[in-house]
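> predicted model follows, preceded by the sequence.
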Amino acid sequence: MFKSILIPFDGSPNAEKALLKGLELAGHFKGTSVTILTVYRHHSMLEASLSMVRPDDPGNLDDIMRTHAREVAEYGKRLAQEAGHAQVRAFVKSGPASRTIVNFAKEHDMDLIVIGSRGMGSVEGYLLGSVSHKVTGISPIPVLVI
């Protein structure tokens, strides 16, 4: 039924639950591939300049966010491997989380998106709606919210 499952992963407890549920679901369908996607938000030059409050380490905020996202994606992949799924791929993308998730799923012909109900979203997420809620609203691909 499902040949490819996308699991957005931000390292939060709900994302871990979604990852484990997606892996469990994949285990029921022979040959189902699992892809983990970690999305980080690109910061404007103004936001990046505000990060300069650390004079000892004035690194580029996008570079820091990308590095952190890679670590989160690798952590998700490691969790999947520990759960017995050796063929899991992990990707990192930059952009608005919900649109990036849906676009990635469409571009890679995913059959299902399994996403945690609440992640590491900002205060903006509480005011404007969660990423999972937005994904369910704009995705032409079935979405399972855990």
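Perfect, I can see it now.

> and the strands in this structure?
4-8, 33-40, 88-94, 112-115, 143-145 (DSSP state E).

> show me how far the last one is from its chain's centre.
Just to be clear, that refers to strand 143-145. Taking C-alpha atoms, centre = their mean, to the nearest Å, one finds the center of strand 143-145 at 13 Å from the center of the full chain.

> return the residues in contact with the closest residue to N14 other than its chain neighbours.
Sequence neighbours aside, G116 is the residue nearest to N14 in space, at 3.2 Å (criterion: C-beta to C-beta, 6 or more residues apart in numbering). From N, CA and C alone the C-beta is placed, and that goes for glycine too. For G116, the contact set (C-beta atoms under 8 Å, 6 or more residues apart in numbering) comprises P8, D10, S12, P13, N14, A15, E16, K17, A18, S132, V145, I146.

> now, which of these sits nearest Y75?
E16 (9.2 Å; C-beta to C-beta).

> in contact with the closest one, which residues?
E16 neighbours (C-beta under 8 Å, 6+ apart): F9, L79, G116.

> in TSV: the residues you listed, plus pLDDT and distance to M65.
Shown next, in TSV, are those (pLDDT from 0 to 100; distance: C-beta to C-beta, whole Å):
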residue	pLDDT	distance to M65
F9	97	15
L79	96	21
G116	94	20
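
> having no further points to raise, I will conclude here.
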